[in-house]
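Engineer: fold the following for me, if possible:
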Amino acid sequence: MRRLGLDVLRTSLKAPVRGIVNKLKVTSLGSIVQPGRDIIEIVPMDDALHLETRIRPRDVASIRPGQKASIRLTASDFLIYDA
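Structural biologist: Residues are numbered from 1 along each chain as shown. Here you go, the predicted model:
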């Protein structure tokens, strides 16, 4: 019985972060997964988005900390996210 409990613990997965499942990379029930292989992609819910950008010198005077901004992510088909 104790061995069965250990086997169950070894087959359970727990995410290291709180988030939303974005993509399942293994979809077959009973699949054997190689060590180190990604099996799921999680978008963290508690992380802040940090952005580094280039600002033209003439625009620096009109920007202040905490100001709202819109960003365009070219890798995401020009989706607009408000920040």
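
Engineer: and stretch 17-26, what's buried?
Structural biologist: Residues of stretch 17-26 classed as buried: none (neighbour count, 16 or more other Cβ atoms under 10 Å). Yep, even glycine has a C-beta here, placed from its N, CA and C like the rest.

Engineer: quick one: average confidence on that stretch?
Structural biologist: Mean pLDDT, stretch 17-26: 88.

Engineer: distance between that stretch and the chain's centre?
Structural biologist: Stretch 17-26 has its C-alpha centroid displaced from the chain centroid by 8 Å (Cα atoms, centre = their mean, to the nearest Å).

Engineer: swap in stretch 34-53?
Structural biologist: Put simply, stretch 34-53 sits 3 Å off its chain's centre (Cα atoms, centre = their mean).

Engineer: residues making contact with it?
Structural biologist: 13, 15, 17-26, 33, 71, 83 (Cβ atoms under 8 Å, 6 or more residues apart in numbering).

Engineer: switch to 7 Å and redo it
Structural biologist: 15, 17-26, 33, 71, 83 (Cβ atoms under 7 Å, 6 or more residues apart in numbering).

Engineer: restricting to C-alpha, output it in PDB.
Structural biologist: C-alpha atoms of stretch 34-53 as PDB (Å, rounded to 0.1, in the frame of the first residue of the first chain):
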ATOM      1  CA  GLN A  34      11.200  12.200 -21.500                       C
ATOM      2  CA  PRO A  35      13.000  14.000 -18.600                       C
ATOM      3  CA  GLY A  36      13.400  17.700 -19.200                       C
ATOM      4  CA  ARG A  37      10.800  17.900 -21.900                       C
ATOM      5  CA  ASP A  38       8.200  20.700 -21.800                       C
ATOM      6  CA  ILE A  39       4.700  19.200 -21.400                       C
ATOM      7  CA  ILE A  40       2.700  22.300 -20.700                       C
ATOM      8  CA  GLU A  41       2.900  26.100 -21.200                       C
ATOM      9  CA  ILE A  42       1.600  28.300 -18.400                       C
ATOM     10  CA  VAL A  43       1.000  32.000 -18.400                       C
ATOM     11  CA  PRO A  44       1.700  33.300 -14.900                       C
ATOM     12  CA  MET A  45      -1.100  35.300 -13.300                       C
ATOM     13  CA  ASP A  46       0.900  37.000 -10.500                       C
ATOM     14  CA  ASP A  47       3.800  38.300 -12.600                       C
ATOM     15  CA  ALA A  48       4.100  41.800 -13.700                       C
ATOM     16  CA  LEU A  49       4.900  42.700 -17.300                       C
ATOM     17  CA  HIS A  50       8.200  44.500 -17.700                       C
ATOM     18  CA  LEU A  51       8.900  46.300 -20.900                       C
ATOM     19  CA  GLU A  52      12.100  47.900 -22.200                       C
ATOM     20  CA  THR A  53      11.700  50.300 -25.000                       C
END
